[in-house]
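Q: Pasted the sequence and its predicted model underneath.
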Amino acid sequence: MFRTLLIVAAIAVAVLLVRRLLATRPPREDKPPRVQQGRDMVRCAHCGLHIPANTAVHAGGKTYCSDEHRRLDQPGGED
Ligand SMILES: [Zn+2]
């Protein structure tokens, strides 16, 4: 009788330990690296195209989508 109680108690403790281990384990989330969102967009002063700020060409306080548009928009740029 006592032996049976001991076995039941041992199983109960084992179950509790396993459940605690499972509960404390951090959830596995194999998410892909987050895509950068909300990146600043700027408008080309020449053609009006919106482009990411890190790819924009800056000149004279204006932003351009390409070096060609910067050249075309600058005074005396058209040769
Ligand atoms: Zn442009």
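A: Arrived safely.

Q: got the residues of the chain near the ion?
A: Cys44, His46, Cys47, Leu49, Cys65, His69 (Cβ under 5 Å from the ion). C-beta here means a position set from N, CA and C on the backbone, and glycine is covered the same way.

Q: again, only this time at 8 Å
A: Listed as neighbours of the ion in the chain under the rule Cβ under 8 Å from the ion: Cys44, Ala45, His46, Cys47, Gly48, Leu49, Ile51, Tyr64, Cys65, Ser66, Glu68, His69.

Q: and these, which two are the farthest apart?
A: Across those, the longest distance by Cβ to Cβ is 14.8 Å; it joins Gly48 and Glu68.

Q: quick one: which of the two has more around it?
A: Per other Cβ atoms under 10 Å, whichever of Gly48 and Glu68 has more neighbours is Glu68, with 13 against 8.

Q: Which parts of this protein are strands?
A: 41-43, 50-52, 57-59, 62-64 (DSSP state E).

Q: Each with direction, which strands does the first one pair with?
A: This points to strand 41-43. strand 50-52 (antiparallel) (DSSP bridges).

Q: repeat for the third one
A: For strand 57-59, the pairing partners within the sheet under DSSP bridges are strand 62-64 (antiparallel).

Q: Kindly reformat the residues of the chain next to the ion as JSON lines containing pLDDT and distance to Ala9.
A: Output for those, formatted as JSON lines (pLDDT from 0 to 100; distance: Cβ to Cβ, whole Å):
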{"residue": "Cys44", "pLDDT": "96", "distance to Ala9": "75"}
{"residue": "Ala45", "pLDDT": "96", "distance to Ala9": "79"}
{"residue": "His46", "pLDDT": "96", "distance to Ala9": "80"}
{"residue": "Cys47", "pLDDT": "97", "distance to Ala9": "78"}
{"residue": "Gly48", "pLDDT": "96", "distance to Ala9": "77"}
{"residue": "Leu49", "pLDDT": "96", "distance to Ala9": "73"}
{"residue": "Ile51", "pLDDT": "95", "distance to Ala9": "69"}
{"residue": "Tyr64", "pLDDT": "96", "distance to Ala9": "77"}
{"residue": "Cys65", "pLDDT": "96", "distance to Ala9": "74"}
{"residue": "Ser66", "pLDDT": "96", "distance to Ala9": "76"}
{"residue": "Glu68", "pLDDT": "96", "distance to Ala9": "81"}
{"residue": "His69", "pLDDT": "96", "distance to Ala9": "79"}
